[in-house]
Every structure is written in C-alpha cells, then in structure tokens.
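Peer 1: my questions are about this predicted structure, shown below with the sequence.
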Amino acid sequence: YDKDLLDVMYLCLSNEVDVASCVSGACYSMEGIDYIPPAKDGVCLGEISSEDYVRFIRLLEKGSGYRMIMLDFGMMVPGFFQMLSMCSKAFIVSETGELVKAPLLQFRQMAGRQENVQLDDKLEYLSLPPVAAGACPGTGKMQQWLWGTMGDFSRRLSGVSRGTD
C-alpha cells in the first residue's frame, strides 16, 4: 500500500485537502467494501492526541461521503472512550478462549467506570471463532476478514450483499 490510516489522518487534520479526496486517495475496495490500510507504525497511533482523534472522526463523519464508518485501531488510543461515545453503536470484538477472558473483563470494568459517557446501550460484545495461527498470511488476512464472521457481520451492518445472500 502507498498510503495508510496515518496518512489519511495527517492529511485530513492538516486541512491541506478536503476529506473526501484524502479518503479516496488511500481507499482500496474489495468485494464491495472500501477500506483504508492499517497504520504501518502503530506506535504513532498512541502519540496522537485525543483531541485530534475526535476531530478526525468528526471530519470523517461530515466529509467522507460514507453513511457508515467502521474504525479498528487495534488498541485503546488516546480519547478512546470519548470516541466510543460519539458512535451510534460500538462492537467490541474478541477471540474465544481462556486467555481473552481477563482482558475482556478488565475492559468491561473500565467502560463501566467512565463518567459523562453513556456506553451501556452502545456497546455490543462479539466473539469470533478461533483461527489457527498462520492460517491466513499476508493478503489472506483481508480475505478471511471479508468472508469470515466479522466480514459477514460488517456486510449486514452496512447493507452490502455478499452475492449469495
């Protein structure tokens, strides 16, 4: 990929180009779903201010041209709970198994302690089926996401048919 999520965030927040152009310049499409590749440098995601994240979400909402936007940062970035409060619905996805029970319980407790943020009605918890390690190397991961449980769920949410539905 030439551009990723960090490039889109930088360009949108710098006001150098309009949001729709910025998004379309980094957008790829597969099976009816448009996506922006994840950030190559995940450390940078933790260094962006919560105000910039909130501003970025508002810019996407107003200027991207999409009626539904799904964001997957892969980690709790600054302003995470504030961003969740901006969503009409937030899906917390986890794998199944004993190793994820404790982190998921910790997340639920943190979400419950948030003040001035009404999350109870917005959060929906989803468990994905287990995937064998190394089963989807490289671009196969995108194919698995599209045709696996998460892809099916995302298509139902966005109204994109898979062709066989």
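Peer 2: Ah, there it is. Residues are numbered from 1 along each chain as shown.

Peer 1: quick check: closest non-adjacent residue to Leu123.
Peer 2: Ala90 (5.3 Å; C-beta to C-beta, 6 or more residues apart in numbering). For the C-beta atoms, the positions are set from N, CA and C on the backbone; glycine is no exception.

Peer 1: what's the answer for Ser29, then?
Peer 2: Tyr35 (7.5 Å).

Peer 1: so how far is Ile57 from the residue nearest to Leu123?
Peer 2: Going from Ala90 to Ile57 by C-beta to C-beta, to the nearest Å gives 12 Å.

Peer 1: got it, and Ser14?
Peer 2: Relative to Ile57, and taking C-beta to C-beta, Ser14 is found at 16 Å.

Peer 1: and the two? which has more neighbours close in?
Peer 2: Ile57 (17 against 9; other C-beta atoms under 10 Å).

Peer 1: from Asp72, how far off is that one?
Peer 2: 13 Å.

Peer 1: any idea which helix is longest in this structure?
Peer 2: The longest helix of the chain (DSSP state H) is helix 50-63.

Peer 1: which residues sit against it?
Peer 2: 9, 12-13, 18-20, 23, 66, 69, 71, 77-79, 82-83, 86 (C-beta atoms under 8 Å, 6 or more residues apart in numbering).

Peer 1: for stretch 6-25, same thing?
Peer 2: 3, 26, 36, 39-41, 44-45, 48, 52, 55-56, 59-60, 62-66.

Peer 1: go with 10 Å
Peer 2: Contacts of stretch 6-25 with the rest of the structure, by C-beta atoms under 10 Å, 6 or more residues apart in numbering, involve 1-3, 26-27, 34, 36-42, 44-45, 48-49, 51-53, 55-56, 58-66, 69.

Peer 1: and it, end to end?
Peer 2: 13 Å (C-alpha to C-alpha, to the nearest Å).

Peer 1: ok now it, how far from the chain's centre?
Peer 2: 17 Å (C-alpha atoms, centre = their mean, to the nearest Å).

Peer 1: pretty sure Ala39 contacts Leu5?
Peer 2: Yes: between Ala39 and Leu5 a contact is recorded at 4.6 Å, counting by C-beta atoms under 10 Å.
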